[in-house]
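>>> what follows is a predicted protein model with its sequence.
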Amino acid sequence: MHDPSVVDLSRLQFALTALYHYLFVPLTLGMSFMLAAMETVYVVSGKAIYKQIAQFWSKLFLINFALGVATGLTMEFEFGTNWSFYSSFMGDIFGTPLAIEGLMAFFLESTFVGLMAFGWDRLKRGQHLAVTFLVALGSNLSALWILIANSFMQNPEGAHFNPVTLRMELTSLPDLIFNHDAQAKFVHTSIAGYVTAAIFVAGVSAWYLLKNRHVELARRSFRMAALFGVLATAGVITLGDALGFIGGQAQPTKLAAMEGLWKTEQAPMPFNAIAFPSQKDHVNYGVIQVPYALSLLVTHSLDGTVPAIDELERTAAERIRNGIPAVSALQVLSAKPGDADALAQFQAHEKDLGYGFLVQRYAPDVTKATEADIAAASRDTIPQVAPVFWSFRAMVVLGLCMLAFFVLALIYTMRNNVERQRWLLKIAVCMIPVPFIANETGWLVAELGRQPWTVYGVLPTWMSASTHSLGYMIFSLIGFVSLYTVFIVIEMYLMVRTIRRGPDDEHAPSPSIEPQAARLAGQAEG
């Protein structure tokens, strides 16, 4: 039996390292294609200012890329160190997309990123542009394969459990790749990265405009970011709705937690705009509702309903009862692989094997599980509602705020008077952390909402962790947090230093000289 404290610390360590890493990923995804767009304008127009723009933003991209790689590599090792049973149980499936990611995507982007950084004077314009597009392609392919691996954890398809080897085995690579959750999540996550990059470019450009520095570069960068951002934000909101619809079908418990649904209601169902969920009492306090809205948002109809937590717990209890014979048969098969009766019993109940594992936490001998044990296990199938509920709302509100900002930014930049809207420029600077927070809250919704499973409906989290000592986990947690904090400090220092230094202004006149030249011209005329 795993020590619950070790499991909790393993979860906390992976969550923190993932949250740290995910600060870098969206900006890398978005900046790669923004750089490709900027350089395309340079190649087509031949104007030196666009080369300067592409070179400047590529410096910030490379800093973020390097730190993203450094924080991402250690995460894969954590599967082997802290989640050894998960790695053994799911390695055949989980390892496949990660291996393809390394061979197809990571080597592609890591090879060409050097050419992108140092090839400006060694490659022709078209060649360097092709390299930049390959870096962008590699970055986004990397995200695709990682999200395919993650989506199997959210919605396991294309695999089958082998009771003899006690492992999940891949049965269909196309089902794994074209998992509906994977495809929707990839598009949603990638476009969220484009929003992050657009906000970042707009915010830094606004800072330059406020300081009256690098005005031409900042003005053009701000316009590109505004156009890029308004399209991306509208897309991420639309596809977020599609992802919620798909996720609600695959993980009804997550959807119930996102919406704070404790009791089954008749259609049309109201939307809980604000509520304070109580896990203990199974009720919401301080509720402010929007009538009919939930049915419209989730089912896209007025007569659609969403399963609530009370109904889901009853369904889970039935599946636990049906999964107990599967676990019992599996215990026999582990000792006698050729036992025909045990195999037949397992095959009759295998679809609920994961639910049988849930009750094993309370009754190691599942044949002796009591109704109280089953009730406790069924309650465990519901994630912590409050953090999922509020993380989801924070993500949505921040997304709407970014859309409103980009609409205003596009309007004023198309009127060619954005420099005079100092209030908007100040807002743009303040907006820089917003997409990062939105990305983090989205990650929390996805991962907290999946609990108590590492693989939804198949493998409980409590079984997945390694059997480390409590002291080891505390030591490694402190070490990882300290190391990643250093990475964040390095990132911030390098970014701020590069932004303060600004681009090389060899292609544009210095704003500080222009007023002096104008005064001298005026004196000469006088």
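Perfect, I can see it now. Residues are numbered from 1 along each chain as shown.
>>> residues in contact with the residue nearest the centre of the chain?
In the chain, the residue lying closest to the centroid (Cα atoms, centre = their mean) is Trp443, at 4.5 Å. By Cβ atoms under 8 Å, 6 or more residues apart in numbering, Trp443 lies in contact with 18-19, 22. Every residue, glycine included, has its C-beta placed from N, CA and C.
>>> can you give me the strands for the stretch 151-300 of the chain?
Ranges of strands within the stretch 151-300 of the chain are 159-162, 167-170, 271-278, 283-290, based on DSSP state E, counting those that start in this stretch.
>>> nearest to Met224, out of those?
Counting by Cβ to Cβ, Met224 lies closest to strand 271-278 out of the strands of the stretch 151-300 of the chain; the figure is 35.2 Å.
>>> now do the closest one against strand 283-290, angle only.
Strand 271-278 runs at 160 degrees relative to strand 283-290, counting by axes from the mean of the first three to the mean of the last three Cα atoms, to 10 degrees.
>>> what are the buried residues along strand 271-278?
Under the neighbour-count criterion of 16 or more other Cβ atoms under 10 Å, strand 271-278 has 271-272, 275, 277 buried.
>>> can you put the strands of the stretch 151-300 of the chain in CSV and add mean pLDDT and distance to Gln251?
Converted to CSV, the strands of the stretch 151-300 of the chain look like this (pLDDT from 0 to 100; distance: least, Cβ to Cβ, whole Å):
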stretch, mean pLDDT, distance to Gln251
strand 159-162, 90, 17
strand 167-170, 91, 18
strand 271-278, 94, 17
strand 283-290, 93, 20
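>>> for Ile382, find the nearest of those.
Among these, the nearest to Ile382 by Cβ to Cβ is strand 271-278 (10.6 Å).
>>> can you tell me the element Thr467 falls in?
Using DSSP states H and E, Thr467 sits within no helix or strand.
>>> what is the neighbour count of it?
For Thr467, the neighbour count with other Cβ atoms under 10 Å is 11.
>>> chain neighbours aside, what residue packs nearest to it?
Distances taken as Cβ to Cβ, 6 or more residues apart in numbering put His2 closest to Thr467, at 6.4 Å, once the chain neighbours are dropped.
>>> okay, now the one you found: neighbour count?
17.
>>> please apply the same query to Ala225.
Counted with other Cβ under 10 Å, Ala225 comes out at 28.
>>> list the contacts of it.
Here Ala225 is in contact with 34, 197-199, 201-202, 205, 409 (criterion: Cβ under 8 Å, 6+ apart).
>>> who wins on neighbours among these?
Of all the contacts of Ala225, the highest neighbour tally under other Cβ under 10 Å goes to Ala202, namely 31 neighbours.
>>> do I have it right that that one meets Ala226?
Yes - look at Ala202 against Ala226 with Cβ atoms under 8 Å: they come within range, at 6.3 Å.
>>> any shared contact partners between the two?
Taking Cβ under 8 Å, 6+ apart as the contact rule, Ala202 and Ala226 both touch 406, 409.
>>> show me what contacts Met492?
If a contact means Cβ under 8 Å, 6+ apart, then Met492 has no contacts.
>>> next one: the one 10 residues further on
Contact partners of Gly502, counting by Cβ under 8 Å, 6+ apart, are 56, 208, 213-214.
>>> and which of the residues you listed is nearest Asp504?
Closest approach to Asp504 among these (Cβ to Cβ): Phe56, at 7.8 Å.
>>> and the closest residue to the closest one other than its chain neighbours, how far is that from Ala225?
Nearest residue to Phe56, sequence neighbours excluded (Cβ to Cβ, 6+ apart): Pro503, at 3.7 Å. To Ala225, Pro503 is 15 Å away according to Cβ to Cβ, to the nearest Å.
>>> how about Trp57?
Trp57 is 10 Å from Ala225, by Cβ to Cβ.
>>> where do the contact lists of those two overlap?
Shared contacts of Trp57 and Ala225, defined by Cβ under 8 Å, 6+ apart, comprise 34, 201.
>>> what subset of the contacts of Trp443 is buried?
Buried members of these, scored by 16+ other Cβ under 10 Å, are 18, 22.
>>> from the contacts of Trp443, which land in helices?
Secondary structure defined by DSSP state H assigns 18-19 of the contacts of Trp443 to helices.
>>> return the member of the contacts of Trp443 nearest to Val366.
Checking the contacts of Trp443 against Val366 with Cβ to Cβ, the nearest one is Ala18 at 32.0 Å.
>>> which residues does that closest one contact?
By Cβ under 8 Å, 6+ apart, the neighbours of Ala18 are 75, 443, 447.
>>> what about 7 Å?
Ala18 is in contact with 75, 443, counting by Cβ atoms under 7 Å, 6 or more residues apart in numbering.
>>> domain-wise, how is this structure divided?
Taking automatic domain parsing as the reference, the chain has its domains at 4-251+383-507, 309-380.
>>> out of those, flag the one nearest Ser295.
Ser295 lies closest, by Cβ to Cβ, to one member of the domains of the chain: domain 4-251+383-507, at 12.2 Å.
>>> shaky segments in the stretch 251-400 of the chain?
By pLDDT under 70, the stretch 251-400 of the chain has no low-scoring segment.
>>> ranges for the helices of it?
252-259, 293-294, 309-335, 340-349, 353-360, 371-380, 385-414 (DSSP state H, counting those that start in this stretch).
>>> same check on the stretch 401-526 of the chain?
Along the stretch 401-526 of the chain, the stretches classed as helices by DSSP H, counting those that start in this stretch are 422-430, 434-448, 461-464, 470-501, 514-525.
>>> any idea which of those scores lowest on pLDDT?
Least confidently modelled of the helices of the stretch 401-526 of the chain is helix 514-525, at a mean of 41 by mean pLDDT.
>>> would you list the strands of the stretch 151-300 of the chain in a markdown table and tack on distance to Leu302?
Output for the strands of the stretch 151-300 of the chain, formatted as a markdown table (distance: least, Cβ to Cβ, whole Å):
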| stretch | distance to Leu302 |
| --- | --- |
| strand 159-162 | 38 |
| strand 167-170 | 41 |
| strand 271-278 | 13 |
| strand 283-290 | 13 |
